[in-house]
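Asker: Structure of the sequence below:
(one chain, ligands or ions: 1)
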Amino acid sequence: MPKKVLVVGGGTGGTIVANNLAHRLHDQLVKGEVEITVIDPSSLHIYQPAYLLIPFGIMHRNEAVRPERSLLAEKVRFRQESATKIDLANRAVYSDSTRLEYDYLVIATGAKPDYSQVPGLEKAGYDFYTLDNAYKLREALGRFKGGKLVTAVAGIPFKCPTAPIEFAFLVDSYFTRLGLRDKVQVSYVYPLPRPFTIPNVAEEVQRMMENRKIEVSLLFNVESVDPEKKEIRSLEGETVKYDLAVLTPPHTGADVVKKSGIADKGGWIPTDRYSLNVKGYDDAYAIGDGTDLPVSKAGSAADFEAAVVATNIWDDINGFAPTLRYDGKVMCFIITGIGEATMLLFDYEHPPKPPPATFACYWYKLVYNRLYWTVTAKGMLPGFGV
Ligand SMILES: Cc1cc2nc3c(=O)[nH]c(=O)nc-3n(C[C@H](O)[C@H](O)[C@H](O)COP(=O)(O)OP(=O)(O)OC[C@H]3O[C@@H](n4cnc5c(N)ncnc54)[C@H](O)[C@@H]3O)c2cc1C
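Answerer: Numbers count the residues shown, from 1 in each chain. This is a model prediction of the structure:
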């Protein structure tokens, strides 16, 4: 019987782990000693960092989407369907049409916006958390000729913790370039007492926002949004008025992990922070945004985690003890305006120190957006980062 590796979710983490393993296990795949299967309901793979750049015309749909099959190594099987139940005790995953057994499971089902957590949120504002919404936001920004633009975070954790900050900086450059900046009041609203989770990055962000006349409202936990009155209300009893609201919705994990009784209250998968095993199961791993790990929900984290999991599965299949540990590594670009960016690299033990923003770093990010398809997603350079 071949050893069966099953990957639930063919987004960033799932695709990288499957391809990484396929390269390492090439000969065993050819001989039929190993099978790797990815299951995902979507035939399309979306590069989500594009959602932030589409509203400003910096990226376009055709640079953001590829057929999942075209990214997966030839020997990786792809099932285009939803996993409906994950039975960790009996090593099986169900879909509407089948039951898939596994020797090794990787859950990479990601995170998704949950608009239902905040009354009025979905109707009121714009966001950059789906491809369609990124395009709606592009139209809205193009129509906006002046007034108060509020970008507010309506729940933590969410995908790409730096995205709302980058959005505020991009808005600043975008309207400056259009000659409208003095007519647009930009306001950044955040639930914590500082504008970012990590203190020394927060200090730098606050300084840059002050320099760019971006108003910062802290300790504002969004309770509801009133699209008629154009008001965002907080649990603390404050109200912010807006002409255009761009809101980061609260996020939750995938339905299948909740329905299978694996997830915690927030919908996240309890995951060992070093081995990346689903807690209590040596044969099941979780990577990416769906985990409860104390790291950013970032593609780079999923990439670094995928490399650890692929190595450990390879070791186990080949009779070695799986010893590689994830050190919490994350690499994050922060775009600080059109034409400038900085980059953070950090792990569980070493907090980031943001270097000054440069054009070179911005350029590297734009180049990287293309390399994602040919290098990262293909599992060609494990741990290169998104
Ligand atoms: C605006 C924005 C900007 C970003 N910018 C950056 C950036 O600059 N750098 C960075 O590192 N990261 C960035 N990210 C984050 C990055 O896109 C995610 O962290 C990354 O995609 C996480 O990978 P994942 O595999 O965990 O989840 P995903 O890539 O979201 O994949 C999850 C997959 O699981 C599938 N799935 C869900 N339920 C099921 C089921 N029941 N059965 C089977 N499959 C299922 C989904 O269809 C999906 O394909 C950004 C995200 C956003 C939204």
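Asker: check contacts around the residue of the stretch 201-350 of the chain found nearest the ligand.
Answerer: In the stretch 201-350 of the chain, no residue comes nearer to the ligand than residue 288, which is 2.1 Å away by CB to the nearest ligand atom. Where C-beta positions appear, they are placed from N, C-alpha and C, glycine not excepted. Shown in contact with residue 288 (CB atoms under 8 Å, 6 or more residues apart in numbering): 9, 11-14, 108-110, 297, 299, 301-302, 305-306.
Asker: Buried among those residues? Need that as a selection in ChimeraX.
Answerer: To isolate the buried subset of the contacts of residue 288 in ChimeraX, counting by 16 or more other CB atoms under 10 Å, use the following:
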select :9,11,12,13,14,108,109,110,297,299,301,302,305,306
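Asker: what does stretch 302-309 rub up against?
Answerer: 11-13, 16-17, 20, 106, 108, 276, 285, 287-289, 291, 324-326, 329-331, 376, 379, 382-386.
Asker: Mind checking which of those land in strands?
Answerer: Of the contacts of stretch 302-309, the ones assigned to strands by DSSP state E are 106, 285, 330, 331.
Asker: now for the helix or strand bottoming out on mean pLDDT in the chain, which elements pack on it?
Answerer: One helix or strand of the chain scores below all others by mean pLDDT, DSSP states H and E: helix 121-124, with a mean of 89. Packing contacts for helix 121-124, counted by 3 or more CB pairs under 8 Å, 6 or more residues apart in numbering; DSSP states H and E, involve strand 222-226, strand 244-248.
Asker: okay, residue 12: pLDDT?
Answerer: In this prediction, residue 12 carries a pLDDT score of 98.
Asker: Quick check: it vs residue 64, distance?
Answerer: As defined by CB to CB, to the nearest Å, residue 12 lies at a distance of 13 Å from residue 64.
Asker: How about residue 202?
Answerer: Distance from residue 202 to residue 64, by CB to CB: 29 Å.
Asker: Counting neighbours around each, name which of those two comes out higher.
Answerer: Counting neighbours by other CB atoms under 10 Å for residue 202 and for residue 64 shows that residue 64 has the greater number, 22 against 18.
Asker: Hmm, residue 46 and that one touching each other?
Answerer: Yes. With contact defined as CB atoms under 8 Å, residue 64 counts as touching residue 46 (5.9 Å).
Asker: Touching both of those two, which residues are there?
Answerer: Joint contacts of residue 64 and residue 46 (CB under 8 Å, 6+ apart) are residue 131.
Asker: List the contacts of stretch 72-79.
Answerer: 10, 15, 18-19, 22-23, 26, 29-30, 35-40, 68-69, 95, 98, 100, 378-379.
Asker: So for stretch 37-48, mean pLDDT?
Answerer: Stretch 37-48 comes out at a mean pLDDT of 98.
Asker: same question but for stretch 326-334, I mixed them up
Answerer: 95.
Asker: How far away from the center of its chain is it?
Answerer: In terms of CA atoms, centre = their mean, to the nearest Å, the centre of stretch 326-334 is found 12 Å from the chain centre.
Asker: how about it, does it get close to the ligand?
Answerer: Yes. With CB under 6 Å from any ligand atom as the criterion, the ligand is reached by stretch 326-334 at 332, 333.
Asker: Quick one: buried ones out of the contacts of stretch 302-309?
Answerer: Among the contacts of stretch 302-309, those classed as buried by 16+ other CB under 10 Å are 11-13, 16-17, 20, 106, 108, 276, 285, 287-289, 291, 324, 326, 329-331, 376, 379, 382-386.
Asker: coming back round to it: from the contacts of stretch 72-79, list the buried ones, please.
Answerer: 10, 15, 18-19, 22-23, 29, 35-40, 68, 95, 100, 378-379.
Asker: residues from the stretch 151-300 of the chain in reach of the ligand?
Answerer: Taking CB under 6 Å from any ligand atom, the part of the stretch 151-300 of the chain that reaches the ligand is made up of 159, 160, 163, 254, 256, 288, 289, 290, 297, 298, 299, 300.
Asker: any idea what sits nearest the third one, other than its immediate chain neighbours?
Answerer: Sequence neighbours aside, residue 52 is the residue nearest to residue 163 in space, at 5.4 Å (criterion: CB to CB, 6 or more residues apart in numbering).
Asker: moving C-terminal of the helix or strand hosting that neighbour, what's the next helix or strand?
Answerer: According to DSSP states H and E, residue 52 maps onto helix 50-53. Downstream of helix 50-53, the next assigned helix or strand under DSSP H and E is helix 61-64.
Asker: strand partners of the next helix or strand after that following helix, parallel vs antiparallel please.
Answerer: On the C-terminal side of helix 61-64, the nearest following helix or strand under DSSP H and E is strand 65-67. Sheet partners assigned to strand 65-67 using DSSP bridges are listed as strand 44-46 (antiparallel).
Asker: any idea how far the partner strand is from the chain center?
Answerer: For strand 44-46, the distance to the chain centre is 13 Å (CA atoms, centre = their mean).
Asker: Mind listing residues that contact that strand?
Answerer: Residues from elsewhere that reach strand 44-46, judged by CB under 8 Å, 6+ apart: 10, 11, 15, 64, 65, 66, 67, 68, 71, 131, 377.
Asker: rewinding a little: could you measure from the residue nearest to residue 163 over to residue 133?
Answerer: Residue 52 is 11 Å from residue 133, by CB to CB.
Asker: who does the one helix or strand residue 93 maps to touch, helix- and strand-wise?
Answerer: Assigned by DSSP H and E, residue 93 belongs to strand 92-94. Packing contacts for strand 92-94, counted by 3+ CB pairs under 8 Å, 6+ apart, involve strand 85-87, strand 99-101.
Asker: Just checking: what are the partner strands of the first one?
Answerer: Each strand that strand 85-87 pairs with, and the sense of that pairing, follows from DSSP bridges: strand 92-94 (antiparallel).
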